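Engineer: Pasted the sequence and its predicted model underneath.
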Amino acid sequence: MFKSMSFDLKEVSNLFKQKKVLELRGLSNRLIREAAIEENYAKAELGVISYALHKLSSKEHIAQSEKWKKIKQVITHDLDGAEYAAEQNNSKMLIKKLKSIVNHITTIDSEMGNYAQNIYDKAKVKQASLAYSYGLSIAQSAEITGADKKELQSYVGFTKMSDEGVEQKSILKRVTDLAEWLNA
Amino acid sequence: MPKAVIDSGTMISLSSTCLMNIFKNFVRHNHIDLMVSSAVARESVWRPITNKRFALNAARIKHAFNDNVVNVVESTSDVRKIEGEILAITNTCFSTKFGPVKIIQQGEAEALALAKVHGAKALFVDERTTRSLIEDPSRLKQVIQKKQHTGIEANIEKIKEFRAMFPDLKIFRSVDLIAYAYDQDLFGNELDHGKLELEAALYAAKFAGCAVSEKEIVEYLKKK
């Protein structure tokens, strides 16, 4: 049986407070796997948040800044609030708290990040590719994580995912079929 | 005139690799009546064209629409009805102890419904999941089972029901289109007709997200 949302929120909160960066990433992967199976959008969002927090926490120039210390407190507070909302089955409040965390992530990233594409958007694409690897279609993987489908497709193209398993039909077979179909 | 439906992913693979001219040559030379749903048009043109990061790609696809290479077809009540049926069937084909696994989305179902309603015998789709559902559902089951580390139950009746909806639908990817365009000497105004260009175009499509393995490309090129 999968863990409850409130359990997962507590986990994210604890790992984030304890600066257990790699564990945050591992937890994110589990959350995405479970979200893909359960079609659980809130869990997918928490998975992306967890991944983004891992990325921000591992950037020295961010993690050592005063601004981060303040934002970290606010995010921790929101995580606790989200955990309470999940315990109360208050999905409206849960989503509100998760959105608030996303806002804090994008704010600090836009102020202190070095890249044009923000960490949260990258996290969505990265974790959507994980959902895709679990057998979901590109569109469904993008939908559940909120990733952009075009970016996801391109990201997947640079992975080894398409090299796994054996294709039922080779390019040659498909080209032959294509010629037959066009000349029928 | 052969009728086909194209998914947004395939157009994105071709436009992002600057192979739209080859695509247009291929469609015109073979007199293909190529359709996209209005939802796909929205997703691949009208939404991204407002975003500076994606606008150029979207503009290339828009040009293919305006050039009548691809026809945008409005979704009718018939299409929506079949799309609903497809979603209902496909998203109950596989389930875990937690319930059915939703594997495809409205856009993919709409493309399939369009093919069904308009009698198209070919679907151009670059991503693996929709293709596997039509051609090899057992492979899809293996993928889900292996990756999700959980028992997957396949509803054989639903899979049969789905496949019976598309008994003779052929699936092609952007790499297959590129390879055949090369055979037909349609690289013309975009690239020289050479093996190096073919290889470059196939890999570009792969890196743009077309689900094709390196092994497949290498084996194909050996035979050229």
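Structural biologist: Great, that's in hand.
Engineer: domain parsing for chain B?
Structural biologist: What the record gives for chain B is the domain set B:3-74+B:173-222, B:77-171, from automatic domain parsing.
Engineer: So which other helices or strands are in contact with the worst-scoring helix or strand of chain B on mean pLDDT?
Structural biologist: Across the helices and strands of chain B, the lowest-confidence element by mean pLDDT, DSSP states H and E is helix B:137-148, at a mean of 78. Helix B:137-148 sits against helix A:21-38, strand B:94-96, helix B:128-135, strand B:153-154, with contacts defined as 3 or more C-beta pairs under 8 Å, 6 or more residues apart in numbering or on different chains; DSSP states H and E. In this view, the C-beta of every residue, glycine as well, is placed from N, C-alpha and C.
Engineer: Ranking those by mean neighbour count, which comes first?
Structural biologist: helix B:128-135 (a mean of 23; mean count of other C-beta atoms under 10 Å in any protein chain shown).
Engineer: Contacts for it, please.
Structural biologist: Contacts to helix B:128-135, defined as C-beta atoms under 8 Å, 6 or more residues apart in numbering or on different chains, come from residues A:132, A:135-138, A:140, A:162, A:168-169, B:7, B:90, B:93, B:103-104, B:108, B:111-112, B:123, B:125, B:139-140, B:143, B:162-163, B:166, B:169, B:171, B:173, B:211.
Engineer: just the buried members of these?
Structural biologist: Applying 16 or more other C-beta atoms under 10 Å in any protein chain shown to the contacts of helix B:128-135, the neighbour count classes A:132, A:135-138, A:140, A:162, A:169, B:7, B:90, B:93, B:103-104, B:108, B:111-112, B:123, B:125, B:139-140, B:143, B:162-163, B:166, B:169, B:171, B:173, B:211 as buried.
Engineer: Inside strands: which ones of these?
Structural biologist: Judged by DSSP state E, the buried ones among the contacts of helix B:128-135 include B:123, B:171 as members of strands.
Engineer: How about the secondary structure of residue A:62?
Structural biologist: In three-state terms, and counting by DSSP: H, G, I helix; E, B strand; the rest coil, residue A:62 is helix.
Engineer: any idea how far it lies from chain B?
Structural biologist: Per C-beta to the nearest C-beta, to the nearest Å, residue A:62 is found 23 Å from chain B.
Engineer: where in chain A is pLDDT low?
Structural biologist: A:1, A:116-117 (pLDDT under 70).
Engineer: picking up where we left off before, out of the helices and strands packed on helix B:137-148, nearest to residue B:60?
Structural biologist: For those, proximity to residue B:60 was assessed by C-beta to C-beta; helix B:128-135 is nearest, at 23.3 Å.
Engineer: if we can go back for a sec, please convert the helices and strands packed on helix B:137-148 to JSON lines, extending it with distance to residue B:63.
Structural biologist: Converted to JSON lines, the helices and strands packed on helix B:137-148 look like this (distance: least, C-beta to C-beta, whole Å):
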{"stretch": "helix A:21-38", "distance to residue B:63": "36"}
{"stretch": "strand B:94-96", "distance to residue B:63": "39"}
{"stretch": "helix B:128-135", "distance to residue B:63": "26"}
{"stretch": "strand B:153-154", "distance to residue B:63": "43"}
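Engineer: looking at the ones you listed, which is closest to residue A:69?
Structural biologist: Using C-beta to C-beta, the helices and strands packed on helix B:137-148 put helix A:21-38 closest to residue A:69, at 16.0 Å.
Engineer: Give me the helices and strands touching the closest one, please.
Structural biologist: Judged by 3+ C-beta pairs under 8 Å, 6+ apart, the packing partners of helix A:21-38 are helix A:5-17, helix A:41-57, helix A:119-133, helix A:138-145, helix B:137-148.
Engineer: Output the ones you listed in a markdown table, with distance to residue A:78 appended to each entry.
Structural biologist: What follows is these, written out as a markdown table (distance: least, C-beta to C-beta, whole Å):
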| stretch | distance to residue A:78 |
| --- | --- |
| helix A:5-17 | 9 |
| helix A:41-57 | 10 |
| helix A:119-133 | 14 |
| helix A:138-145 | 20 |
| helix B:137-148 | 30 |
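Engineer: Give the burial count for residue 4, as a bare number.
Structural biologist: This is for chain A. Using other C-beta atoms under 10 Å in any protein chain shown, the number of residues around residue A:4 comes to 12.
Engineer: meant chain B actually
Structural biologist: So residue B:4, with other C-beta under 10 Å, has 23 neighbours.
Engineer: Return the residues in contact with the residue most central in space within chain B.
Structural biologist: The residue lying closest to the centre of chain B (C-alpha atoms, centre = their mean) is residue B:125, at 1.0 Å. If you count contacts by C-beta under 8 Å, 6+ apart, residue B:125 has them with B:6-7, B:9-10, B:108, B:111, B:131, B:171-173.
Engineer: how about it, phi and psi?
Structural biologist: For residue B:125, the backbone dihedrals (degrees, to the nearest 10) come out as phi -140, psi 130.
Engineer: Quick test: name the residue nearest the centre of chain A.
Structural biologist: Centre-nearest of chain A using C-alpha atoms, centre = their mean is residue A:48, 2.6 Å out.
Engineer: so it makes contact with residue A:28?
Structural biologist: Yes. Using C-beta atoms under 8 Å, residue A:48 is in contact with residue A:28, at 7.4 Å.
Engineer: Which neighbours do the two have in common?
Structural biologist: In contact with both residue A:48 and residue A:28: residue A:127, using C-beta under 8 Å, 6+ apart.
Engineer: Give the closest residue to residue 46 in space, chain neighbours not counted.
Structural biologist: Just going to use chain A. Nearest non-adjacent residue to residue A:46, counting by C-beta to C-beta, 6 or more residues apart in numbering or on different chains: residue A:31, 5.5 Å away.
Engineer: oops, I was thinking of chain B
Structural biologist: Spatial nearest neighbour of residue B:46, chain neighbours left out: residue B:58 (7.8 Å); criterion: C-beta to C-beta, 6+ apart.
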